[in-house]
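> Got a sequence here, can you build the structure:
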Amino acid sequence: MKDSYMQAKEIVEQMLEKDFFSKWLGIEVVKIGEGKCVLQMKIRPEMLNGFGIAHGGITYSLADSCLAFASNSYGNHAVSVETSIAHLHPVRKGDVLLAKAEEISKSSKIGHYVVEVIKSSGERVAFFKGIVYIKRENWRKD
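Sure, this is the predicted structure:
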């Protein structure tokens, strides 16, 4: 039987195979485990809006990917049913962001997660909450 770290790592690798958007974002998996995930990415010029700061959808997408990886890490397919984000501080070109997902609660059907998005300087720039529905399908490759 695989340990939970190896299972979670393999699931994220499977997810990333077809996750072209997360690849475009330049997301790197820093840490993965059951119900938790840490991702990193750097803000590029094409991610900026007309104000010269990162488009809100960029931090949202980073947090959403972090939620997806954390909630799928147990082995069953999990999909978001409700998410929200609070943008706390602007993000600029060249900033390196860390997204840290933590599981708050989980049943056989529903999981609640929070994701903090933090600059490498330690400044928290966004706070994301997500609820996922846990399906019967699993990630096992047989």
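
> can you pull out the helices in the protein?
Taking DSSP state H to define them, one finds helices in the chain at 4-17, 20-25, 56-72.

> least reliable of these going by mean pLDDT?
For those, the stretch scoring lowest in mean pLDDT is helix 4-17; its value is a mean of 89.

> Output the contacting helices and strands for that one.
strand 28-33, helix 56-72 (3 or more Cβ pairs under 8 Å, 6 or more residues apart in numbering; DSSP states H and E). (Each C-beta comes from the backbone N, C-alpha and C, glycine too.)

> Quick one: closest of the ones you listed to Met41.
Met41 sits nearest to helix 56-72 of all those, at 5.8 Å, using Cβ to Cβ.

> Return the set of buried residues in stretch 6-22.
Across stretch 6-22, burial judged by 16 or more other Cβ atoms under 10 Å covers Gln7, Ala8, Lys9, Glu10, Ile11, Val12, Met15, Asp19, Ser22.

> I'd guessed the third one sits against Ile32; true?
Yes - between Lys9 and Ile32 there is a contact at 5.6 Å, judged by Cβ atoms under 8 Å.

> In contact with the residue nearest to the spatial centre of the chain, which residues?
Nearest residue to the geometric centre of the chain (Cα atoms, centre = their mean): Cys66, 0.9 Å. By Cβ atoms under 8 Å, 6 or more residues apart in numbering, the contact list for Cys66 reads Cys37, Val38, Leu39, Ala99, Lys100, Ala101, Val115, Phe128.

> Could you rerun that using 7 Å?
Residues in contact with Cys66 (Cβ atoms under 7 Å, 6 or more residues apart in numbering) are Cys37, Leu39, Ala99, Ala101, Val115.
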